[in-house]
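Novice: need a structure here:
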Amino acid sequence: MQREIKRRAQLYALAAILLAITISALCYNLGALPTSLIEWREEPKFLKTFKTYEEIRNFIIEKSSNPPIIVWSNFEAYQLRVNLEYSTTNIQVAGVDEDDIVKTDGEHIYAIANNTVFILKAYPPREARILSKITFKENINPIGIFISSNGGKIAVLGSTYYGLIPRFTSYYAENVFTTIYVYDISDKTKPTLERNFTITGRYFGSRMVDEYIYVVVGQPAYVIYDTVILPKIYKDREVMEVRPEQIYYFPNASDRSYIFTSITAINIANKREEPNVLTVMMGETGSLYASRENLYITFHDKPNQTSILKVRIDRGQLKFEAKGTVLGTEINQFSMDEYEGYFRIATTTWEGGETWNNIYVLDEKMNIIGNLTNIAIGEAIDSARFMSDRCYLATSVAWKDPFFVIDLKDPRAPKVLGYLKIPGFTRYLHPYDENYVIGIGRDENNNLRISIFDVSNTANPIEVSSYVIKGEWVDTLALSDHKAFLFDKQKEIMAMPVSIIDGLRWQGAYIFRITLDHRIDLKGRISHQEESGRQDPSRWVKRTLYIDDVIYTVSEAKVRMNKLGDITLIGDINLS
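Specialist: Okay, the predicted model is just below:
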């Protein structure tokens, strides 16, 4: 027994030393003098702050049901001088941008491929070419980009991996950092690094409102050899230290593990403006939703219960506003919505082998004022979409897909207006207009199914059109990543990446014409490689976009240009 205690103590010490070496190396590269750039804020009533480092350590050890060392969880455009129409990232809320691997400003395309950010001249296609590249060190993996409204700045979000810290068991704790690089791209041929930030923790999500990006990062609150590693933000050659009295927590919480969740606000257009940071220690984060005024972060501190932290955002200023709690679990960001001052959330409850679904409406203080529970008992939510004073839910059971129309005109009394049952299930819902909804999912034979639902008669929603892509195996990235879905009602275009195995393998983009009479017709298919028994993953199409009358498909290997009208090939830009 004494030998085992000694062995564990040695491993604790080794872990602390290795972590110290990593932090020291990072400090050496980014600056080692600790200067606090985080201002103190008034403590909200529902949260408290720690007074000392020892208080944080004791709270983690006493409240957590896990060992004191834990493994990190998987968290999971400017106006052109010519008046061109172009697509933008498929976002959830108007005016709230989401990071993506491909962006366009109507003249240029910015794309992440092969650990590089490419800046391309995209339009007109006869001038298409690579203008410049932004490369990164091997341990930095770019995962998303934002472009400032005037097109003069680009923010590149990335993940940096510094290896593993050994635990006293056979498991290891990850040592991951989130990076933010801001470049001046007023000269597209010569991007210039203006600022860089490194935040301790794993990237969780981000949004951009006006010129401010809000980045959410989670760092496990673990204890190594009686030492708590507090969050840090490295800005250029300065270290922004989060002090104990700047870390908020819920005093009555008791979770199996804790995360330091940091929200960082950065003005990417103004390099003189310092970032703002808020940090709270809470349970494992679930989903992120944002309006133009608030961020909502869900976390699950108890089984079958979702807590929602509301954070006020206002031109880079951050303030904890309120916390709410509902029963059940949300599936993703589309399970949430803010409308006319109310927050709405759809959840599924799993209890005793039974399932049922719920809609909750919360006021500005995150108090529940209305709810609708026990929806579709025995089923679970596959997809949700809030549109104005309605919510559309697709649930599933035994390959049957009930599609519900829920009325939220009276936030205190939500009610089911009607529903439709079709074979299969729907994983993504997208508004066509106020009377029609597009659904993407699978039919009863596991084929890919695209549907248009008519909800003008709320008591009797119907499927007015559908298109089925068949094969031995068929999939689309749009089922799990809404940014892979392209839709424009005025252009009558809908597109998404599709993978098919049917004897041979095919991967590329399906381009559809979706008309005002609600027909779905295939215009054509675009692939970056020939159909064969094997496929090169670097040539898998991940995104589609359009500029004027040209449709662009993007893979790691190339950007292919086709005419939007008849899908005739124009040419390629090779990303090498």
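Novice: can we go C-alpha only for contacts and neighbour counts from here?
Specialist: Will do.
Novice: and stretch 281-294, how far apart are its ends?
Specialist: Terminal residues of stretch 281-294 lie 19 Å apart, using Cα to Cα, to the nearest Å.
Novice: Same check on stretch 186-204?
Specialist: According to Cα to Cα, stretch 186-204 extends 29 Å from its N-terminal end residue to its C-terminal end residue.
Novice: start the count at 263, not 1, going forward
Specialist: Will do, 263 is the new start, and the previous item becomes stretch 448-466.
Novice: Now do that stretch: distance to the chain's middle.
Specialist: A distance of 19 Å separates the C-alpha centroid of stretch 448-466 from that of its chain, computed with Cα atoms, centre = their mean, to the nearest Å.
Novice: Stretch 743-751 now?
Specialist: Here the centre of mass of C-alpha atoms in stretch 743-751, compared against the chain's by Cα atoms, centre = their mean, lies 15 Å away.
Novice: Need the contact partners of it.
Specialist: Contact partners of stretch 743-751, identified using Cα atoms under 8 Å, 6 or more residues apart in numbering, comprise 349, 351-353, 362, 690, 694, 739-740, 755-759, 776-777, 804-807.
Novice: redo that, cut-off 6 Å
Specialist: Here stretch 743-751 makes contact (Cα atoms under 6 Å, 6 or more residues apart in numbering) with Asn352, Ala740, Ile755, Met756, Ala757, Met758, Arg805.
Novice: what's the pLDDT at the last one?
Specialist: Arg805 is assigned a predicted lDDT (pLDDT) of 99.
Novice: That one bridge partners, please.
Specialist: Val816 (DSSP bridges).
Novice: From what I see, it and Tyr814 are in contact.
Specialist: No - the pair Arg805 and Tyr814 fails to qualify as a contact (Cα atoms under 6 Å) at a distance of 8.3 Å.
Novice: ok, which stretches of the stretch 263-412 of the chain are helices?
Specialist: 264-292, 315-325 (DSSP state H, counting those that start in this stretch).
Novice: if we can go back for a sec, in terms of neighbours, single out the busier of Arg805 and Tyr814.
Specialist: More neighbours surround Arg805 than the other of Arg805 and Tyr814, with 27 against 23 (other Cα atoms under 10 Å).
Novice: so where is the stretch 513-662 of the chain shaky, pLDDT-wise?
Specialist: In the predicted model of the stretch 513-662 of the chain, residues 515-518, 660-661 satisfy pLDDT under 70.
Novice: how far away is the nearest residue to Ile402 once chain neighbours are set aside from Ala721?
Specialist: Of all residues not flanking Ile402 in the chain, Thr422 sits nearest, at 4.6 Å (Cα to Cα, 6 or more residues apart in numbering). Between Thr422 and Ala721 the computed distance is 51 Å (Cα to Cα).
Novice: which other helices and strands contact the strand or helix carrying Val730?
Specialist: Val730 is part of strand 724-731, with elements assigned from DSSP states H and E. Taking 3 or more Cα pairs under 6 Å, 6 or more residues apart in numbering; DSSP states H and E as the contact definition, the neighbouring helices and strands of strand 724-731 are strand 710-716.
Novice: Could you list the paired strands of the strand it packs on along with their orientation?
Specialist: Strand 710-716 pairs in its sheet with strand 698-704 (antiparallel), strand 724-731 (antiparallel), by DSSP bridges.
Novice: which residues touch the following helix or strand past the longest one?
Specialist: Right, strand 724-731. Going down the chain from strand 724-731, the next helix or strand is strand 735-737, by DSSP H and E. Applying Cα under 6 Å, 6+ apart, the contact partners of strand 735-737 are Val760, Ser761, Ile762, Ile763.
Novice: and Gly680, how many neighbours?
Specialist: Using other Cα under 10 Å, the number of residues around Gly680 comes to 16.
Novice: Doesn't it belong to a helix?
Specialist: No - secondary structure of Gly680, determined by DSSP: H, G, I helix; E, B strand; the rest coil: strand, with no helix assignment.
Novice: Ignoring the adjacent residues along the chain, who's closest to it?
Specialist: Distances taken as Cα to Cα, 6+ apart place Ala721 nearest to Gly680, at 4.1 Å, with adjacent residues excluded.
Novice: So what does that neighbour look like in phi/psi?
Specialist: Here the main-chain torsion angles of Ala721 (degrees, to the nearest 10) amount to phi -80, psi -20.
Novice: Glu792 now?
Specialist: Recorded main-chain torsions at Glu792 are phi -70, psi 150, according to degrees, to the nearest 10.
Novice: What sits closest to Ile630 if chain neighbours are left out?
Specialist: Distance criterion Cα to Cα, 6+ apart; nearest residue to Ile630, sequence neighbours excluded, is Leu624 at 4.3 Å.
Novice: show me where pLDDT drops low in this protein?
Specialist: Residues of the chain that meet the criterion pLDDT under 70 lie in 263-307, 315, 323, 325-345, 424-436, 515-518, 660-661.
Novice: and the spatially most central residue of it, what does it touch?
Specialist: For the chain, the residue sitting closest to the mean C-alpha position, by Cα atoms, centre = their mean, is Gly467 at 4.8 Å. Contact criterion Cα under 6 Å, 6+ apart gives Val478 as the residues in contact with Gly467.
Novice: Return the distance of stretch 397-404 from the chain's centre.
Specialist: A distance of 20 Å separates the centroid of the chain from that of stretch 397-404, by Cα atoms, centre = their mean.
Novice: Against Asn401, how distant is the residue nearest to Ile402?
Specialist: 6 Å.
Novice: residue contacts, Leu309?
Specialist: With contact taken as Cα under 6 Å, 6+ apart, Leu309 is in contact with Tyr511, Phe512.
Novice: quick one: it from Ile559, how far?
Specialist: Distance check for Leu309 against Ile559: by Cα to Cα, it reads 15 Å.
Novice: for Val760, same thing?
Specialist: When Cα to Cα is the yardstick, Val760 and Ile559 sit 31 Å from each other.
Novice: Kindly report the same for Asp663.
Specialist: 29 Å.
Novice: circling back to that earlier point, go ahead and confirm the residue nearest to Gly680 touches Tyr681.
Specialist: No - Ala721 is not in contact with Tyr681 according to Cα under 6 Å; the separation is 7.1 Å.
Novice: All the strands of the stretch 713-838 of the chain, in order from the start?
Specialist: Assignment of strands within the stretch 713-838 of the chain using DSSP state E, counting those that start in this stretch yields the ranges 724-731, 735-737, 748-750, 755-764, 766-776, 782-788, 805-809, 812-816, 820-825, 831-836.
Novice: Let me have the ones you listed in CSV, adding distance to Asp446 as columns.
Specialist: Shown next, in CSV, are these (distance: least, Cα to Cα, whole Å):
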stretch, distance to Asp446
strand 724-731, 43
strand 735-737, 38
strand 748-750, 28
strand 755-764, 32
strand 766-776, 33
strand 782-788, 34
strand 805-809, 23
strand 812-816, 24
strand 820-825, 24
strand 831-836, 24
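Novice: Tell me which of these sits nearest to Ile521.
Specialist: strand 805-809 (32.8 Å; Cα to Cα).
Novice: helices or strands up against the closest one?
Specialist: Contacting strand 805-809 under the criterion 3+ Cα pairs under 6 Å, 6+ apart are the following elements: strand 812-816.
Novice: Can you dump the C-alpha atoms of the strand it packs on in PDB for me?
Specialist: What follows is the C-alpha trace of strand 812-816 in PDB, where atoms were taken according to Å, rounded to 0.1, in the frame of the first residue of the first chain:
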ATOM      1  CA  VAL A 812     -21.000  30.700 -60.600                       C
ATOM      2  CA  ILE A 813     -21.200  27.800 -58.100                       C
ATOM      3  CA  TYR A 814     -18.000  26.900 -56.200                       C
ATOM      4  CA  THR A 815     -17.400  23.500 -54.500                       C
ATOM      5  CA  VAL A 816     -14.500  23.300 -52.000                       C
END
